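>>> can you look at this prediction? I've put the sequence above it.
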Amino acid sequence: MGKMSGLQKLRTGISGLDSISMGGLPRERTTLVAGSAGSGKTILAAQFLAEGIDQAGEGGVFVTFEEPPRAIRRNLASLGWDIAEWEEQGKWIFVDASAQVSEEASLIVGNYDMGALLARIENAVHTSGAARVSLDSLGAVFTRFGDTETVRNELFRITSVLRRLEVTSLMTAERMEEYGQISREGVEEFVADNVIILRNVLEDEKRRRTVEILKFRGTSHQKGEFPFTILPEQGFVVIPLSEIDLEYESTDLRITSGSKEMDEMCGGGFYRDSIVLVSGATGTGKTLMVTEFIAGGVKSKERCLLFAFEESREQFFRNATGWGVDLRPMEEAGYLKVVCEYPEVSSLEDRLIEMRRILDEFKPQRVAIDSLSALERVSTKKSFREFVLGITSHLKQMETAGLFTSTAPTLLGGESVTEAHISTLTDSIILLRYVEIYGEMRRGLTVLKMRGSQHDKNIREFTIDGRGMHIGKPFRNVGGILAGNPVQLETSEISRLGSMFEG
Amino acid sequence: MSAYIFDLYIAGHTSRSRQAARSMERLCEERFPGDYSLNIIDVLEDPRAAEEEKIIATPTLVQRAPRAGRRIIGVPPDSETMLRALGLDALGWESANERA
């Protein structure tokens, strides 16, 4: 529509980047990628070419100012790419402009330009038929040549030549701060109309990598920072959260929660594509609900996937047997897949990507996560919220039902941090609470919300035995259960309250 | 066999290239008459030569003999500057610090 959509984009082939850039990098232009040390600039620059070769059969030229070609070959080999092979095939050409340690340093005695570098780049583009060029990194050029004005002019000349050659290029530059000046030299922004920023921020003692498209000249892109990770075999993986289209085709189809009484409380069962959050203190019955959810699914011939972060597989199976559910034959028949891991093992970003991969592979109709709180404990608030956003959106797209558990902080209830963060992201919330009455600990549960459906508003008592969960009658004459302060109401109080609803 | 061998890399027929070539030719004629070899290489015509030597800037003078590997970038304002850069004094002899 008008000017903004005019400029064409080149799909990079880098997971998630094409999404947040809304189509890729501006075609036949230079994009500056600025980032602090260790932010992943060189890998991105190299991957830009690698994906071009892998996915589009397009050749690439890598102009390296900092690292020698052998170091880059080595680094990318650890990600699974064989650059030497591409070089042999003429698809990848290095223009080695890195400092030659063995030589004596060059003396600069007068005016010069970078005509030789330009000639080499142009020659390389012609020889390989390259459509993509990466230049890494500008900081090294300024350091070696010192003369800012000449270097700046020559960089500008290089971008002009690249444009004439009709290649799409990516130039990297250093930054000193994560949230300050765009680049160390402060001049590079004059040579590129398009700027992407990579950040590697330390937050709550954890690293958070983000990518932000600061500007694209003449074409649109998504704004703000997006988390990314760098994985072996895949390289850069950007998590495009805003891709989440909150207007999903919602279905009226109901599925069983695994408990007939619960289904009734929910107005007929859970919706096919809903995300249910079960919150309760330790021991209230969350894992039992997960078990019944799985059993109910398998009985309906649905494939179920469980991500367990609180218990081992054996423990989980043992507990299930104690409730009368034998999970082993389900697993053997291929209806159940259990993935157990220590939450500390990966970052949430990596965890999300791994879980999505397993989801895409196993294609379950139901997914349970026990518990979200275990993951929350090992991440920052932002990462956690993004993780939940990422996993729920993936489930929604797959029209898969999800059941997530979260641990309430105190025995009697109160609002957990997990809930505060993510209650808006889930469709249904079920609370499990201990209720202290006459010196006894009883159990209560309620459906707090159920998007799009009528549901039982009562807080019902439930029991657990060798045959699972049994939901019974609503608590009468007890108030303050959800607040964590169950209090028996006096008879007079009951009639007073009752009178409020008369008429 | 010349005592002094130089390769001068230039980019195209620009005034900068001409200046660099002329000033080096003049210097060689004055200081090492009959005893030098100056090759002028246009990287635009022969980019592979530039690639082989990893030349970035032009003009770049690469000395091959008697000291191989020395590189000097840019058009010198005068011949004294170039001589100094080559480690030679005004008479064309190796300066003291070179011999050390």
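Done, it's in. Residues are numbered from 1 along each chain as shown, chains lettered A, B, ... in the order given.
>>> residues contacting stretch B:61-71, please?
With contacts defined as CB atoms under 8 Å, 6 or more residues apart in numbering or on different chains, stretch B:61-71 is touched by A:103-104, A:106-107, B:2-9, B:20, B:24, B:53, B:55, B:60, B:72-73, B:82, B:86-87. (Glycine included, C-beta is placed from N, CA and C.)
>>> now that stretch: buried residues?
For stretch B:61-71, a neighbour-count test (16 or more other CB atoms under 10 Å in any protein chain shown) marks B:61-63, B:70-71 as buried.
>>> could you do stretch A:431-442 as well?
Buried residues in stretch A:431-442, counted by 16+ other CB under 10 Å: A:431-437, A:442.
>>> pick out the most distant pair among those residues.
The distance between the two most remote of these (CB to CB) is 17.2 Å, for A:Leu431 and A:Ile437.
>>> need the residues of the stretch 51-200 of chain A near chain B, please.
A:95-97, A:100, A:103-104, A:106-120, A:122-124, A:145 (CB under 8 Å from any CB of the partner chain).
>>> selection in PyMOL covering whichever of these are buried, please.
To isolate the buried subset of those in PyMOL, counting by 16+ other CB under 10 Å, use the following:
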select buried, chain A and resi 95+96+97+106+107+108+109+110+111+112+113+114+115+116+117+118+119+120+122+123+124+145
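>>> what's the domain layout of chain A?
The record's domain parsing of chain A by automatic domain parsing lists A:2-243, A:254-476.
>>> now, the buried residues of stretch A:431-442 that are in strands?
Here DSSP state E is the test, and those give A:431-437, A:442 as lying in strands.
>>> save these as CSV, and put in pLDDT and distance to chain B too.
Listed next are these as CSV, based on pLDDT from 0 to 100; distance: CB to the nearest CB, whole Å:
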residue, pLDDT, distance to chain B
A:Leu431, 88, 67
A:Leu432, 89, 69
A:Arg433, 86, 71
A:Tyr434, 85, 73
A:Val435, 83, 77
A:Glu436, 80, 78
A:Ile437, 78, 83
A:Arg442, 87, 80
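>>> which of the residues you listed sits closest to A:Trp323?
For those, the nearest to A:Trp323 is A:Leu432 (14.8 Å; CB to CB).
>>> beta-bridge partners for the closest residue in space to that closest one that isn't next to it in sequence, please?
Computed as CB to CB, 6 or more residues apart in numbering or on different chains, the closest residue to A:Leu432 that is not its neighbour in sequence is A:Gly280, at 3.1 Å. Per DSSP bridges, the residues bridged to A:Gly280 are A:Thr407, A:Leu432.
>>> run a quick neighbour tally on A:Gly280.
25 (other CB atoms under 10 Å in any protein chain shown).
>>> I'd say A:Val151 and A:Phe145 touch.
Yes. Between A:Val151 and A:Phe145 there is a contact under CB atoms under 8 Å: 5.2 Å.
>>> can you tell me the element A:Ile471 falls in?
Secondary structure assignment for A:Ile471, by DSSP states H and E: strand A:468-474.
>>> roughly how far is the helix or strand following that strand from the heart of the chain?
Next helix or strand after strand A:468-474 toward the C-terminus (DSSP H and E): strand A:478-479. Centroid separation for strand A:478-479 versus its chain: 42 Å, with CA atoms, centre = their mean, to the nearest Å.
>>> helices or strands up against strand A:478-479?
strand A:487-488 (3 or more CB pairs under 8 Å, 6 or more residues apart in numbering or on different chains; DSSP states H and E).
>>> who's in contact with B:Arg48?
Contacts of B:Arg48 (CB under 8 Å, 6+ apart): A:Asn123.
>>> and A:Thr291, which helix or strand is it part of?
Under the assignment here (DSSP H and E), A:Thr291 is part of helix A:286-299.
>>> got the angle for that helix vs strand A:468-474?
On the basis of axes from the mean of the first three to the mean of the last three CA atoms, to 10 degrees, helix A:286-299 is oriented at 110 degrees to strand A:468-474.
>>> packing partners of helix A:286-299?
Using 3+ CB pairs under 8 Å, 6+ apart, helix A:286-299 sits against strand A:275-280, strand A:304-308, helix A:313-322, helix A:328-332, strand A:366-370, strand A:401-407, strand A:428-437, strand A:468-474.
>>> which strands and helices sit next to the fifth one?
Under the contact criterion of 3+ CB pairs under 8 Å, 6+ apart, strand A:366-370 touches helix A:286-299, strand A:304-308, strand A:401-407.
>>> got the angle for that strand vs strand A:304-308?
Going by the same axes, to 10 degrees, strand A:366-370 makes 10 degrees with strand A:304-308.
>>> ok now do the residue in chain B positioned nearest to chain A, which residues does it touch?
For chain B and chain A, the shortest gap (CB to the nearest CB) falls at B:Ala11, measuring 2.6 Å. By CB under 8 Å, 6+ apart, the residues touching B:Ala11 are A:113, A:115-116, A:118-119, B:17, B:42-44, B:58-59.
>>> how many neighbouring residues does A:Thr282 have?
By the measure other CB under 10 Å, the count of residues near A:Thr282 is 13.
>>> excluding chain neighbours, give the residue nearest to it in space.
Once flanking residues are discounted, A:Thr282 sits nearest to A:Thr407: 6.2 Å by CB to CB, 6+ apart.
>>> if I look at the one you found, how far off is chain B?
60 Å (CB to the nearest CB, to the nearest Å).
>>> separation between that residue and A:His126?
63 Å (CB to CB, to the nearest Å).
>>> neighbour count: the two, which is higher?
A side-by-side neighbour count of A:Thr407 and A:His126, using other CB under 10 Å, places A:Thr407 first with 21 against 12.
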